[in-house]
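J.: build me a model from this:
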Amino acid sequence: MKIVFLYLLPILIVTHFSFIDSISMLNRRHIRIKVLQILYAFFHSESDDLLKCEKELEKSIQHTQSLYAHLLMLLVDLKSLAKAKIEKGRNKLLPSQDDLNPNTKFIDNKILSLLKQNLDQVDKSNLEPNYWLGHTDTQIKLLGQIQASELYRAYMDKSSHSFIDDRKFILNIFNEFIAPNEDLHSFLGEKSIYWLDDFSIVNLSLIKTLKSFKEDKLEQKMFMPLFKNEDDKKYAFSLLKKTIVNSKDYKNYIGETASNWDEERISSMDQLLMQMAICELLNFETIPVKVTLNEYIELSKDYSSFKSKVFINGVIDKLAVRFKKEKKIKKLGRGLVE
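T.: Numbers count the residues shown, from 1 in each chain. Prediction:
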């Protein structure tokens, strides 16, 4: 089954975050997007292998964590390259005073040291190979851009740095030179098709990770979990499986509700979004009906046509009313059916 990724979500530059022990990489919207992508590929292929489809979702999720690791490794590698550059200067045949007495504030940055320390302790057996190996030219170019910036010069000229100063500097470096860097996106995007839509998710996750470092909690684990809890992971695979297994029934519901529309006029993406919404209405007892309606309308704005949100909203809203009357919607807790 060939995975097809249709859209690139915009890169997010974020400045306010919660702490790492209360966050995860993938929230429910990210999960819906990943399931949508896998379903799109599944229904546009000749395969009916559900197990293979589930493995593709697992792979897509795992690759998100691998991209996260690669961007963390990039920061650590920048420190190593800067250190090697200093050593090269010291070893010149005729070193200058600057070569012999280099400014080491960047390589002494406390956040970079913590990242290195944490990465060394991470089990990388389930991650993609280190794609930076053999491609230091990309990193050297990035380091040169950083070292030529006013941001870097101001940091290096400061007489001393607190832990907060070091953290702020690395966050600024990431926001200005890494998160929006098209060259890096192209390089990494060529390594894994799963990463094309993941940059916004991973950039946000990595900035949250950097923001979470506290001077009085230097032993904390850095790697952010993929899911908030086990329920979110179960939700991802259940949404995928139930949408596929019940696709024919869901398609009939849509056809009965949108009887004024020829089936061929309904785009495959709109079909998928509505089938996923129906699946969520009928099978997930803890997700409020309003949340489901709003989420799939929002997804239609990014993944379908301009007019789709009105059409999808109308169909799913009518089906929600129908399902309530037929008592097909079962929700736990008061107010979840409203």
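
J.: and stretch 58-65, how far out from the chain's middle?
T.: 10 Å (C-alpha atoms, centre = their mean, to the nearest Å).

J.: show me which helix runs longest in this structure.
T.: The residue-count maximum for a helix in the chain (DSSP state H) belongs to helix 50-90.

J.: counting by contacts, list what it packs against.
T.: Counting contacts by 3 or more C-beta pairs under 8 Å, 6 or more residues apart in numbering; DSSP states H and E, helix 50-90 packs against helix 28-43, helix 97-100, helix 110-121, helix 136-147, helix 182-189, helix 199-212, helix 230-245. For glycine as for every other residue, the C-beta is placed from the backbone atoms N, C-alpha and C.

J.: residues near Q62, how many?
T.: 14 (other C-beta atoms under 10 Å).

J.: I meant T286, not that one.
T.: T286 has 11 nearby residues by other C-beta under 10 Å.

J.: before we move on, what about Q147?
T.: Counted with other C-beta under 10 Å, Q147 comes out at 14.

J.: residues contacting it?
T.: By C-beta atoms under 8 Å, 6 or more residues apart in numbering, the residues touching Q147 are A82.

J.: now the one 4 residues further on
T.: In this structure, L151 makes contact with F169, N172, I173, E176, judged by C-beta under 8 Å, 6+ apart.

J.: if we use 7 Å, what do you get?
T.: Residues near L151 by C-beta atoms under 7 Å, 6 or more residues apart in numbering: N172, E176.

J.: pLDDT value on it, please?
T.: With respect to pLDDT, L151 scores 97.

J.: same check, this time on E190
T.: 87.

J.: and T15, by the same measure?
T.: So, for T15, pLDDT stands at 30.

J.: separation between R153 and L74?
T.: According to C-beta to C-beta, to the nearest Å, R153 stands 21 Å off from L74.

J.: looking at these two, which one has more neighbours?
T.: The neighbour comparison of R153 against L74 (other C-beta under 10 Å) goes to L74, with 19 against 11.

J.: and the more buried one, what does it touch?
T.: By C-beta under 7 Å, 6+ apart, L74 lies in contact with W132, Q139, I178.

J.: just I173 next, same as before
T.: Shown in contact with I173 (C-beta under 7 Å, 6+ apart): I146.

J.: quick check, it in a helix?
T.: Yes: using DSSP: H, G, I helix; E, B strand; the rest coil, the assignment for I173 is a helix.

J.: and the gap between it and A179?
T.: 10 Å.

J.: swap in E128?
T.: As judged by C-beta to C-beta, E128 and A179 stand 20 Å apart.

J.: ok so, going back, got a winner among the contacts of L74 for most neighbours?
T.: Busiest of the contacts of L74 [other C-beta under 10 Å] is I178, holding 20 neighbours.

J.: right, and I140 touches L81 too?
T.: Yes: between I140 and L81 there is a contact under C-beta atoms under 7 Å: 6.2 Å.

J.: who are the contact partners of the spatially most central residue of the chain?
T.: Centroid check for the chain by C-alpha atoms, centre = their mean gives I201 as the closest residue, at 2.4 Å. Applying C-beta under 7 Å, 6+ apart to I201 gives the contacts M25, L26, H30, T64.

J.: do the same with N103
T.: M156.

J.: could you do Q275 as well?
T.: Contacts for Q275 (C-beta under 7 Å, 6+ apart) come out as T243, S247, Y250, K251.
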